[in-house]
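Chemist: Sequence first, then the predicted structure, then my questions.
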Amino acid sequence: MLVLGVDLLAGSPNARTQPRYSVAVLENGRFVLREEVTRSRLLRLIRELRPDRIAVDNVLELFPKKKMRSFFYLLPPGTQLVQVTGPHGSAKPLHVVAKSYGIKVGRSSMEEAEACAMLAAMNVGCTVELFENRTRIIVSRARSMTRGGQSKDRYRRKVHAMVGLCIRDIKERLREQNHRFVLRTVRADSGYSRGEFLVYAPRSELWGIKSRRGSDVQIKVIPVERNALKYTPLGTENRSVIMGIDPGTTTAVAVVSLDGELLEVTSSKNMSLQECLMIAARYRDVVVVASDVSPAPRLVERVASKLNAVLFIPPATMSVEEKNRLVDTRLGRHTYRNAHERDAIAAALKAYNMAKPKLDNIDRRLGRMNAMHLREELRKAVLRGESLHRALERSLDEEVQEEEKSCEVEQVPDEHREVIRALKRDVEMLRRVLREKEEAIRRRDEVIEELRIELRELRDEERRRARVHEEVRRREQAIVELTKKLEEARREIYRLKRRIEELEAERRAEGSPDRVVVRILPKLSREAVGRAGERLRGEVVLIEDASGAGRAAAEELRALEPVAVIADLEQMPHMAREVLREVVVVHPEQVELKRYRSFAVADRRELEEAIERRRREMREEAAARAGEMLESMLREYRSERMTGV
């Protein structure tokens, strides 16, 4: 058995946002899935797993009252919805129910979902049903016959004939499956315009009959709904049983059928008389209540008295060896969880074994008489102490009396016959009028329902289109934003790659004895020198544009004490040239440079030769200036001497 336990984790079924649920899937006594899901995911799980039972502590946690119908329509065929806490209005708290069956429930939602699944697997709780065991099948035209051309009449006759064929096919299928049904039809030319079956069987038992819509005929298969939810105790079986009880601090109850089949076993601490009677209420009749000790405990006697059942007490208290042999040999160790449950099973099996010869004798006797339909009644009578002969004689007498009663014909006086005939005619006329009114009401309700369905579909389609449009707009906006970010990332990657290449080239140049790194200064200005900063100190500096250089910028560059400056002095203004007179300035044509983005590389020997040449030139220029100054001083001195003479 596959049981899906569900508990509300967060939110509410009545809220706009989807609630979240804890889901525990129990398969053959072992949990195979634990998951926290949304309502949509829960419905998908139900469709995918198709569980035998869905267990909850409150069914209203699964759906709001307005959407109750749609939830039940979504359930797969054969899936039962179980409320483990009992019927609505008299439900008990989950932890109380679980404790009575020996299940510990923690505070987390997942533990409550697990407890629901285990209780449902133990046949605890009530099945919740919306649909009756009846199904309505409607066969009608798939389109209106109001418009058409020259072939309108021929097409109408064809459609009515197709409706008649579908009605005949469904009727044959229902008869093949031995289903009782009532058929109402509306005749039309060449066939029927409508047919409605009321089938006395649930939807799951109608094999090969499905809702469909063709070009000419449509078939609707609709379960008949109840006015309110029906709560049926789970595990209620139409059979008589033997109940074994082992009372104590921990009380155990075992239920065995009159065929020796173990139907149920449970145990819990401090189990009350009422709880024992609740277990007994799941079965049609408890014939024997059994104990494993002699004399029987007080609780066993009280249960037998309340149920009007036969009290079975063994001749002597059963030993542990006898209990183990009886239970393990017939059923196996896996059928009980503790010694108390074993003792309860042993008591029930002991009572069954003592009654088995009588039960077998009943079967042999009824088999010879071809009266096995009396088997259950005779078993109960014999186990309650009545002799088989007397019980059989009484049952046959009752059966004969019922047949005679059903065959009796009431004699009606002649003077009343005419009145009866008149009343029958009136009743028939009223029934005919009632049928016509019901048909008119049914047609009106059908039109209203169709219009409601169409309106609902249109609204759903409009909402779907709005959601799609909003989703497309949102995704397009996200694409634009992501495209911008992608372009920015690409530019940044390109810049960083270039920077990495430059740094690698710079590192290789710095590590090479034949190369010298030259720092590039785009132009000689205070801003450019300030941005470069300390990177220019003690380095060779290339000035690409020296035409706009000022005195302040030249002074800041000189303060950084560069090894040499590569620049065109002819482009440099006079003020800047004067400031840089003591700095080695090499013409760009004297040195071959390999340029990168933020630096350049020069041949070390070539650069050193150019610097050395420039230093010689500077020394010669300094010597020339000193000679000129000396000559100027001599000229001034001579001029003064001449003036003094």
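Modeler: It's in. These figures come from a predicted structure and were not determined experimentally.
Chemist: Poorly predicted segments of the stretch 51-200 of the chain, please.
Modeler: The model of the stretch 51-200 of the chain has pLDDT under 70 over residues 101-102, 146-150.
Chemist: mind redoing it with 80?
Modeler: With pLDDT under 80 as the threshold, the stretch 51-200 of the chain has low-confidence stretches at 65-67, 88-90, 100-103, 122-123, 144-153, 189-190.
Chemist: show me where it has strands.
Modeler: All strands of the stretch 51-200 of the chain, identified by DSSP state E, counting those that start in this stretch, fall at 53-56, 80-83, 126-141, 181-188, 191-199.
Chemist: Same question for the stretch 251-400 of the chain.
Modeler: 262-269, 283-290, 310-312.
Chemist: cool, the stretch 451-600 of the chain as well?
Modeler: Using DSSP E, counting those that start in this stretch, the strands of the stretch 451-600 of the chain run over 515-523, 540-545, 564-566, 585-586, 593-595, 599-603.
Chemist: what inclination does the last one have with respect to strand 540-545?
Modeler: Calculated by axes from the mean of the first three to the mean of the last three C-alpha atoms, to 10 degrees, strand 599-603 forms an angle of 120 degrees with strand 540-545.
Chemist: What strands line up against strand 599-603, and which way round?
Modeler: Partners of strand 599-603 in the sheet, by DSSP bridges, are strand 515-523 (antiparallel), strand 593-595 (antiparallel).
Chemist: Report the mean per-residue pLDDT for the helix or strand just after it.
Modeler: Going down the chain from strand 599-603, the next helix or strand is helix 604-644, by DSSP states H and E. Helix 604-644 carries an average pLDDT of 81.
Chemist: again, but for stretch 478-495
Modeler: Taken as a whole, stretch 478-495 carries a mean pLDDT of 92.
Chemist: so how far is that stretch from its chain's centroid?
Modeler: 37 Å (C-alpha atoms, centre = their mean, to the nearest Å).
Chemist: Extract the C-alpha trace of that stretch and format it as CSV.
Modeler: Extracted C-alpha coordinates of stretch 478-495, given in CSV (Å, rounded to 0.1, in the frame of the first residue of the first chain):
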residue,chain,number,x,y,z
ALA,A,478,15.9,41.1,-18.2
ILE,A,479,17.5,40.2,-21.6
VAL,A,480,18.2,43.9,-22.3
GLU,A,481,19.8,44.4,-18.8
LEU,A,482,21.8,41.2,-19.1
THR,A,483,23.0,42.2,-22.6
LYS,A,484,24.3,45.6,-21.2
LYS,A,485,26.0,43.8,-18.3
LEU,A,486,27.5,41.3,-20.8
GLU,A,487,28.9,44.1,-23.0
GLU,A,488,30.3,45.8,-19.9
ALA,A,489,31.9,42.6,-18.7
ARG,A,490,33.4,42.0,-22.2
ARG,A,491,34.9,45.5,-22.2
GLU,A,492,36.2,45.0,-18.7
ILE,A,493,37.6,41.5,-19.7
TYR,A,494,39.3,43.1,-22.8
ARG,A,495,40.8,45.9,-20.7
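Chemist: What residues sit buried inside it?
Modeler: Within stretch 478-495, not a single residue qualifies as buried, counting by 16 or more other C-beta atoms under 10 Å. Yep, even glycine has a C-beta here, placed from its N, CA and C like the rest.
Chemist: Could you do stretch 85-102 as well?
Modeler: Using 16+ other C-beta under 10 Å as the test for burial, stretch 85-102 gives T85, G86, A91, L94, H95, V97, A98, K99, S100, Y101, G102.
Chemist: Distance check, the closest residue to the third one other than its chain neighbours against V25.
Modeler: Setting aside the residues directly before and after it, A91 is nearest to T85 in space (C-beta to C-beta, 6 or more residues apart in numbering), at 4.1 Å. Taking C-beta to C-beta, to the nearest Å as the measure, T85 and V25 are separated by 20 Å.
Chemist: about what we covered before: of the strands of the stretch 251-400 of the chain, which is nearest P588?
Modeler: Counting by C-beta to C-beta, P588 lies closest to strand 262-269 out of those; the figure is 100.7 Å.
Chemist: Quick check: can you name the pairing partners of that closest one and their directions?
Modeler: The pairing partners recorded for strand 262-269 under DSSP bridges are strand 250-257 (antiparallel).
Chemist: List the buried residues for the partner strand?
Modeler: By 16+ other C-beta under 10 Å, the buried positions in strand 250-257 come out as T250, T251, A252, V253, A254, V255, V256, S257.
Chemist: For those, give me CSV that also has pLDDT and distance to G125.
Modeler: Formatted as CSV, the buried residues of strand 250-257 follow (pLDDT from 0 to 100; distance: C-beta to C-beta, whole Å):
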residue, pLDDT, distance to G125
T250, 90, 22
T251, 92, 20
A252, 93, 20
V253, 93, 17
A254, 93, 20
V255, 93, 17
V256, 91, 22
S257, 90, 21
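Chemist: which one of these sits closest to V433?
Modeler: The closest of the buried residues of strand 250-257 to V433 turns out to be S257 (C-beta to C-beta; 52.8 Å).
Chemist: Tell me where the stretch 101-250 of the chain has helices.
Modeler: For the stretch 101-250 of the chain, the helices defined by DSSP state H, counting those that start in this stretch cover 109-121, 152-176.
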